[in-house]
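Chemist: need coordinates for the following:
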Amino acid sequence: MNKETWDLTSIYESQSLWYKDYERLLKIVNNIKEDNGFLKDGKTLYNMLENTNKLDRDISKLYIYAKLIHDANGLDEEASKMIQNADSLISLYATKTSYISVTLKKLTKKVLDKLEKEHPNLKEYHHFFKVLLKEKHHILSLKEEKLLASSENVRIGGEKAFEALDYVDATFKDILVNGEKQKLNHDNYALLIKDRDRLTRSKAFTSYHKFYQNHKEVLSNCLLNSLKNDSFIAQTRKYPSTLAMALDSDNLKPKVYEDIIKSVHQNINLLHEYLQLKGKTNNLKEQHMYDLYLPSSTYDKKFTYEEAKKLVLESVKILGTEYYQDYQKAFKENWLDPFYRAGKYSGAYSSGTYDTNPYVLLNYKGDFYSVETLAHEMGHSMHSYYSRKNNLYQNATYPIFLAEIASNVNEILLFDYMLKNTQNNEEKQYFLETVLDSFKGSIFRQIHFAEYEMIIHDKIDHNMALSSKELGDIYYDLNKFYYGKEVISDDLIRYECLRVPHFYSAFYVYKYATGLALAYVFANRILNKEPGALENYLKFLKSGGKDYPLDILKTCGVEVNKNLINEAMLILKNYLATYRELVGEKNGN
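Modeler: Numbering: from 1, shown residues only. This is a model prediction of the structure:
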């Protein structure tokens, strides 16, 4: 077995066996007939749920194998064919089984109690039924559900057009770097915007955002199409707003979302103080948007992949023997595909399904960011591993609201380990800045995005027209508030709103902020060895999706409210004080 690629033979031993299973599942799905009689008694209902779960699991396994094969080598035509077949099967399956949710809509608490008495095993679906009874008023008629399912590919045309333009057709004007012409693309923009040469950063920023300015009408229409589709679904399903619909699956109210934004507003001075300190340390008399990612430290250590594995393993020892040993399985059993090659998916992720390992894709480059990414994605994978290991299928998938906690906890533990194991002030400055930048990027920046989403979705929900200029103006005004007087909001930043792919997944980005805040609270309590902190965190990892996210967190000692952000901000204050002292000494203050 090649140690530099993941081992997928535990899913299917060969592609020919995959195709054999695909034909089997396609036949089963094609033969699905509407049968609305599964509510007649407890046993029939339980059998329907179990059989549906079995088919779900088989199709998920089929899909994930095709996805991993395709993402490992997108140039492989056979892999492309496999993923297309899997996507088509999933779409067909959704259409053929849409009658189930419509029939379940008829279920009442009284009827459910009767069915559970007839067949006690139905209690295995306790959370499923709790969600169903709460949300059934938003389920439409069978005809309407089929129409929505079959029309999805048409309704997301704006998102598909954005992806085609941004991922495939995007071409940026070349820039001069040290007198030589440099191609600019999505991948190297992240490096060029950190370049020590300010002119290079400025040119990269300008060329990059000029593309979005030049295509502002097309991209604005793509975004507006997505907003209108979200609003259409919300109205069709009888939600008071798109925000209410987006939060409902997590049993959250819009006030929680609004309170998080208010709490960040109340602590915005901490971001401004950090930006001021960093600008001074970088000897910048004024800061522009293209200066925000410039590190003030010259730390540039490289790590082999083997060194990275050792670092992340050492950093999680604090989580106990069981966690540490399970973590090692990832490397021993080849859950990871770490290195870049032609045709491979360009990002990083943790993926998998109930009946597979939680696989990790990386494009490891040897810098510390690559080590961070390894820790982050392994955090996701360990959360998935414990969720699946400790829960039945229907309770094993944790909600997206909880998804960014474990990944960020692992990053925080890595930062803490690195800070405690260096006496070099340059290294300390780098790691402190990395922590502070995580607050800047994952809390302040993501809440900037979240507030923008709230404003523009609200306007669409109220049938207000939005022009490309208005989309940019709203974003620009928020940008000035979030970055304050410490940073000049260059005019081109107004087009950044047209390049954020998460805006096509309504009200997703705030979960990065809550995820990081929750991660800091969990990690800080563990590092401070507070009584019960480790036990509560491991309990969280093993909870899966067996309850609503706030209820899961509450049983683990954490509540989501304005105090959550404030507790995280207290941690930020401590890091900021240490950073202030360190760079103050460096600057002779």
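Chemist: surely L140 is within a helix?
Modeler: No. Counting by DSSP: H, G, I helix; E, B strand; the rest coil, L140 is not part of a helix but coil.
Chemist: any chance you could map the strands in this structure?
Modeler: Per DSSP state E, the chain carries strands over the ranges 175-177, 180-182, 287-288, 336-337, 349-351, 359-361, 487-488.
Chemist: quick one: closest of the ones you listed to D197.
Modeler: Closest to D197 of the strands of the chain is strand 175-177 (Cβ to Cβ; 7.6 Å). Glycine gets a C-beta too; all of them are placed from N, C-alpha and C.
Chemist: in the closest one, what counts as buried?
Modeler: Buried residues in strand 175-177, counted by 16 or more other Cβ atoms under 10 Å: 175, 177.
Chemist: what is the mean pLDDT for it?
Modeler: Strand 175-177 shows a mean pLDDT of 92.
Chemist: and stretch 89-107, by the same measure?
Modeler: 92.
Chemist: span of it from start to end?
Modeler: 29 Å (Cα to Cα, to the nearest Å).
Chemist: number of nearby residues for the nearest residue to A568 once chain neighbours are set aside?
Modeler: Sequence neighbours aside, A517 is the residue nearest to A568 in space, at 3.9 Å (criterion: Cβ to Cβ, 6 or more residues apart in numbering). Burial of A517 is recorded as 29 neighbouring residues (other Cβ atoms under 10 Å).
Chemist: picking up where we left off before, can you put the strands of the chain in TSV and add distance to K106?
Modeler: Listed next are the strands of the chain as TSV, based on distance: least, Cβ to Cβ, whole Å:
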stretch	distance to K106
strand 175-177	62
strand 180-182	63
strand 287-288	60
strand 336-337	46
strand 349-351	36
strand 359-361	40
strand 487-488	56
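Chemist: residue contacts, the closest residue to N410 other than its chain neighbours?
Modeler: Of all residues not flanking N410 in the chain, G379 sits nearest, at 3.4 Å (Cβ to Cβ, 6+ apart). Applying Cβ atoms under 8 Å, 6 or more residues apart in numbering to G379 gives the contacts 406-411.
Chemist: now with 7 Å, please.
Modeler: By Cβ atoms under 7 Å, 6 or more residues apart in numbering, G379 lies in contact with 406-410.
Chemist: among the residues you listed, which are in helices?
Modeler: 406-410 (DSSP state H).
Chemist: the helices in the stretch 201-350 of the chain, which residues?
Modeler: According to DSSP state H, counting those that start in this stretch, the stretch 201-350 of the chain carries its helices in the segments 216-236, 242-248, 254-266, 268-281, 305-315, 321-332.
Chemist: quick check: which of those is buried the most?
Modeler: helix 242-248 (a mean of 21; mean count of other Cβ atoms under 10 Å).
Chemist: hmm, L361 is touching D337, no?
Modeler: Yes. Between L361 and D337 a contact is recorded at 5.3 Å, counting by Cβ atoms under 7 Å.
Chemist: more neighbours: which of the two?
Modeler: Using other Cβ under 10 Å, the more surrounded residue of L361 and D337 is D337, with 24 against 21.
Chemist: quick check: the more buried one touching D71?
Modeler: No. Counting by Cβ under 7 Å, D337 does not reach D71; the two are 8.3 Å apart.
Chemist: who touches both of the two?
Modeler: With Cβ under 7 Å, 6+ apart, D337 and D71 have common neighbours L361.
Chemist: quick one: low-confidence parts of this protein?
Modeler: 1-3, 585-589 (pLDDT under 70).
Chemist: may I see the buried residues of the lengthiest helix in it?
Modeler: With secondary structure taken from DSSP H, the chain has its longest helix at helix 42-72. Residues 42, 44-46, 48-49, 53, 55-56, 58-72 are the ones in helix 42-72 that count as buried (16+ other Cβ under 10 Å).
Chemist: stretch 380-394 now?
Modeler: Quick answer for stretch 380-394 (16+ other Cβ under 10 Å): 380-388, 391, 393-394.
Chemist: ok, the nearest residue to Y475 once chain neighbours are set aside - contacts?
Modeler: Leaving aside its chain neighbours, Y475 sits nearest to C497 (3.9 Å; criterion: Cβ to Cβ, 6+ apart). By Cβ under 7 Å, 6+ apart, the contact set of C497 is 452, 471-472, 475.
Chemist: now render the residues you listed as a markdown table, adding neighbour count and distance to K228.
Modeler: Formatted as a markdown table, the contacts of C497 follow (neighbours: other Cβ atoms under 10 Å; distance: Cβ to Cβ, whole Å):
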| residue | neighbour count | distance to K228 |
| --- | --- | --- |
| Y452 | 22 | 17 |
| L471 | 23 | 13 |
| G472 | 22 | 18 |
| Y475 | 23 | 18 |
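Chemist: mind putting those residues in TSV, distance to D248 included?
Modeler: Converted to TSV, these look like this (distance: Cβ to Cβ, whole Å):
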residue	distance to D248
Y452	21
L471	26
G472	30
Y475	26
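Chemist: now, the most widely separated pair of those residues?
Modeler: Checking those with Cβ to Cβ, the most distant pair is Y452 and G472, at 10.8 Å.
Chemist: tell me the contacts of L75?
Modeler: 342-343.
Chemist: would you list the phi and psi of it?
Modeler: Main-chain torsions, L75, degrees, to the nearest 10: phi -80, psi -10.
Chemist: leaving out sequence neighbours, find the closest residue to N524.
Modeler: I571 (5.4 Å).
Chemist: so the one you found makes contact with R525?
Modeler: No. At 10.3 Å, I571 does not count as touching R525 under the criterion of Cβ under 7 Å.
Chemist: one step back: how far away is the residue nearest to Y475 from F481?
Modeler: Separation of C497 from F481 (Cβ to Cβ, to the nearest Å): 15 Å.
Chemist: what's around the closest residue to K262 other than its chain neighbours, how many residues?
Modeler: Of all residues not flanking K262 in the chain, K562 sits nearest, at 6.9 Å (Cβ to Cβ, 6+ apart). By other Cβ under 10 Å, 15 other residues sit near K562.
Chemist: just to revisit the earlier point, check whether the residue nearest to A568 really touches L570, as I assumed.
Modeler: No. Using Cβ under 7 Å, A517 makes no contact with L570, being 11.0 Å away.
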